[in-house]
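J.: predicted model and sequence follow; I will ask about them next.
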Amino acid sequence: MHPEFLDEDIMALFEEEGEDEDKDKWILWFDGVSNVLGHGIETVLVSPDKQCLPFTTRLCFNCTNNMVEYEACTLGIQAAIDFRVKLLKVYDDSTLVIHQLKGEWETRDHKLIPYQAFIKELMEIFDDISFHHIPREKNQMVDALATLSSMFKIGPHGDLSCIDIKCHIKPAHFCFIEKDEDDKPWYFDIKRYIKDKDYPPEASNNDKRTLRRLTTSFLLSEDVLYKRNNDMVLLQCVNANEAEQILTEVHEGSFGTHSNGHAMA
């Protein structure tokens, strides 16, 4: 599975780690996940011009957590080789794997020794490759995609369709406000009845009864219409343009810290 996503947010993490002398180096982030649903690995290869190339794979065999991390690292390094990368910086949140690959810790687990030997052979292909440990909170995107891949059950030769992950800063229904064709607010008939006891033209007897019942929960103060809430709080009635402006200001935080969704609505 090869997800596609917008990379504006994650670029901030790469830039924090970047240095002037490393501007020509590629960056590799990797992570692995093991849970009751399976094992998934994810790598993100980043070019010097900040182009993201993500790769996600589900492991369909039994393995330990550390084996999963090594599988993810191997996947990423092999992807870098396929792209003819010669300068590479590798990042992961696994202290054990990173220190073992740097040669600082001894590898005693017989299941990990073959991985380490294989990766060292791959390292010979690069002009320069280095390994760096990062906090888990800086590896969240890769961890999330690895978790996603671990949850899917697919055949040995079947790739899933591409996943397009985008950033939405507003709810889907934001500013979706229906406007009357005659440009009258939704409460026009209610306000007119309270003020003048006048019914809409062509209103049937049933429409008139409904209108009279509705108006019992509304209050007209001068020219402003209010609706009584269940707790007797008066809510000001607004038209579509006013509602759109209020929604914009609320979501921009103009009125301070957001309440929970129900209270804000």
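T.: Yep, it's here. Predicted model, so just to flag it, every value in this text is computed and none were measured.
J.: report the beta-bridge partner residues of residue 89.
T.: Going by DSSP bridges, residue 89 is paired in beta bridges with residue 27, residue 130.
J.: correct me if wrong: it contacts residue 29.
T.: No. Residue 89 is not in contact with residue 29 according to C-beta atoms under 8 Å; the separation is 9.7 Å. C-beta: built from backbone N, CA, C; applies to glycine.
J.: show me the shaky parts of the chain.
T.: Along the chain, the model assigns pLDDT under 70 to residues 1-21, 36, 136-182, 251-265.
J.: and it, what are its domains?
T.: What automatic domain parsing lists as the domains of the chain is 4-165, 188-264.
J.: tell me which of residue 89 and residue 29 has more neighbours.
T.: residue 29 (28 against 20; other C-beta atoms under 10 Å).
J.: looking at this, the more buried one is in a strand?
T.: Yes. Under DSSP: H, G, I helix; E, B strand; the rest coil, residue 29 falls within a strand.
J.: how close does it get to residue 73?
T.: Distance, residue 29 to residue 73, by C-beta to C-beta, to the nearest Å: 10 Å.
J.: before we move on, the earlier item: which of the domains of the chain sits most buried?
T.: Of all the domains of the chain, domain 4-165 has the most neighbours on average by mean count of other C-beta atoms under 10 Å, namely a mean of 17.
J.: just the element for the residue nearest to residue 198 when sequence neighbours are not counted, please.
T.: Excluding its sequence neighbours, the residue lying closest to residue 198 (C-beta to C-beta, 6 or more residues apart in numbering) is residue 192, at 5.3 Å. For residue 192, the element it lies in under DSSP states H and E is helix 188-196.
J.: one more: residue 225?
T.: strand 224-228.
J.: now do residue 43
T.: With DSSP H and E as the test, residue 43 turns up in strand 38-46.
J.: can you name every helix or strand that the next helix-or-strand element following that strand contacts?
T.: Using DSSP H and E, the helix or strand that follows strand 38-46 in sequence is strand 52-59. In terms of contacts (3 or more C-beta pairs under 8 Å, 6 or more residues apart in numbering; DSSP states H and E), strand 52-59 is packed against strand 4-5, strand 38-46, helix 65-82, helix 140-151.
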